[in-house]
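> Quick one, structure for this:
(one chain, ligands or ions: 1)
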Amino acid sequence: MTLLAGAAAFGYASVIERNWFALRELEVPVLSEGVAPLRILHISDVHLTPGRHRLMSWLRSLDALEPDLVVNTGDSIAHPHAVTPFLESLGPLLDRPGVFVYGSNDLYSPVVKNPARYLWRTSKQEHARDIPDLPWLELGAAMEAAGWLDANNKRGRIKAGQHDIEIAGVHDSHISRDRYDLIAGPADPAADLRLGVLHSPEPAVLDLFADDGFDLLLAGHTHGGQVCLPVNRALVTNCGIDTERASGLHRHPATGDDSRPWLHVSAGLGTSPYAPMRFCCRPEATLLTLVPGIS
Ligand SMILES: [Fe+2]
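Modelled structure (predicted):
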């Protein structure tokens, strides 16, 4: 009986919930009074392999939301031949203003592992391989060629709708490729929005963005816990962030006054092909509508 229940739960997690994509819509009171609303589509952790047609077509449908800006916080691919399918999945979204950072899984192909290992340790040691074996540079070059901003250890400026957005981002701290020193410095108070992007919501890195005056920080990596207790109660985050902020909209640091930046952590859209399950943590993309909230 126990075996039967376990098989049913695995079937649900790997076949049904893993393909039960959700659009989360959130309002973020982060703009100054008088600034028009700004719609940001946040996607993350697609972990695309060429056969995932449902995921690809759902991703492609998101252009109908007509976002002003698309932010991709990494782990886009999980296969050497996934770059073209990923770009085709983005489709018309690539014609919109966009920004991206890499996650470790854009560089390193997935390996067979015990899916329960995150309960006692993170995956940080799994990238001990020194030489990336996935076409991450080809992926980044294609997004950049479409006009998206490469924010890996870089700062930049994007015009999205009527908004002047200052953006800073780091490469993935999970594999020690983050170089905040290259982007450090106070954010521009004259911009309509000061946006920080990073793959892994590591508190020490988030602190640096907060100290420099960024208003909104977008990250992924956690998969929202991926296999959770009801309802959306993460057991692990695979990094230093607390389980209460494994996904969704919060402040960083977790406690303090209203000057703290907002932090949105995406639960992401995919999984490693070797841990193909989600439980009480549907795959998601998020439409963030930024509205005035700063007087
Ligand atoms: Fe991921």
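> Any regions of this protein where pLDDT drops low?
Applying pLDDT under 70 to the chain flags the ranges 114-128, 294-295.
> one more time with 90, if that's ok
Along the chain, the parts satisfying pLDDT under 90 run over 1-15, 111-130, 161, 231-232, 294-295.
> Against L26, how distant is D215?
From D215 across to L26, the span is 15 Å (Cβ to Cβ, to the nearest Å). Where you see a C-beta, it was placed from the backbone N, CA and C, and this is true even at glycine.
> my read: P110 touches G270, true?
No: with contact defined as Cβ atoms under 8 Å, P110 does not reach G270; the gap is 10.6 Å.
> list residues touching both of these two?
Both P110 and G270 are in contact with 47, 78, where contact means Cβ atoms under 8 Å, 6 or more residues apart in numbering.
> more neighbours, those two?
G270 (24 against 18; other Cβ atoms under 10 Å).
> The ion contacts on the stretch 51-200 of the chain?
Within the stretch 51-200 of the chain, the positions lying close to the ion (Cβ under 5 Å from the ion) are D75.
> what about the strands in the stretch 51-200 of the chain?
69-72, 98-100, 149-150, 154-160, 163-169, 193-197 (DSSP state E, counting those that start in this stretch).
> partners of the first one in the sheet?
In the sheet containing strand 69-72, the strands it pairs with under DSSP bridges are strand 38-43 (parallel), strand 98-100 (parallel).
> Same question for the fifth one.
For strand 163-169, the paired strands and their directions (DSSP bridges) read strand 154-160 (antiparallel), strand 193-197 (parallel).
> Can you lay out the ones you listed as JSON lines showing mean neighbour count?
As requested, those are arranged in JSON lines below (neighbours: other Cβ atoms under 10 Å):
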{"stretch": "strand 154-160", "mean neighbour count": "16"}
{"stretch": "strand 193-197", "mean neighbour count": "26"}
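> Dump these to CSV, plus distance to A7.
Compiled in CSV, the strands paired with strand 163-169 are given as follows (distance: least, Cβ to Cβ, whole Å):
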stretch, distance to A7
strand 154-160, 47
strand 193-197, 40
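> Relative to N238, which of these is closest?
strand 193-197 (18.4 Å; Cβ to Cβ).
> could you dump the closest one to PDB, C-alpha only?
Provided in PDB are the C-alpha atoms of strand 193-197 (Å, rounded to 0.1, in the frame of the first residue of the first chain):
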ATOM      1  CA  LEU A 193      13.900  52.000 -11.400                       C
ATOM      2  CA  ARG A 194      17.200  50.500 -10.100                       C
ATOM      3  CA  LEU A 195      17.000  46.700 -10.800                       C
ATOM      4  CA  GLY A 196      19.400  44.100  -9.600                       C
ATOM      5  CA  VAL A 197      19.400  40.600 -11.200                       C
END
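> tell me the angle the next helix or strand after that strand makes with strand 193-197.
Using DSSP states H and E, the helix or strand that follows strand 193-197 in sequence is helix 203-211. Following axes from the mean of the first three to the mean of the last three Cα atoms, to 10 degrees, one obtains 170 degrees for the angle between helix 203-211 and strand 193-197.
> got the buried residues for helix 203-211?
203, 205-206, 208-210 (16 or more other Cβ atoms under 10 Å).
> residues touching the nearest residue to G161 once chain neighbours are set aside, list them.
Nearest residue to G161, sequence neighbours excluded (Cβ to Cβ, 6 or more residues apart in numbering): D68, at 4.1 Å. Shown in contact with D68 (Cβ under 8 Å, 6+ apart): 38-40, 96-97, 160-161, 163.
> What values do phi and psi take at D68?
With angles defined as degrees, to the nearest 10, D68 sits at phi -80, psi -30.
> same thing with P276?
The phi/psi pair for P276 (degrees, to the nearest 10) reads phi -80, psi 70.
> separation between the closest residue in space to it that isn't next to it in sequence and Y274?
In space, and not counting its chain neighbours, P276 is closest to S14: 4.9 Å by Cβ to Cβ, 6+ apart. Counting by Cβ to Cβ, the separation of S14 from Y274 is 11 Å.
> the more surrounded of these two?
The neighbour comparison of S14 against Y274 (other Cβ under 10 Å) goes to S14, with 16 against 12.
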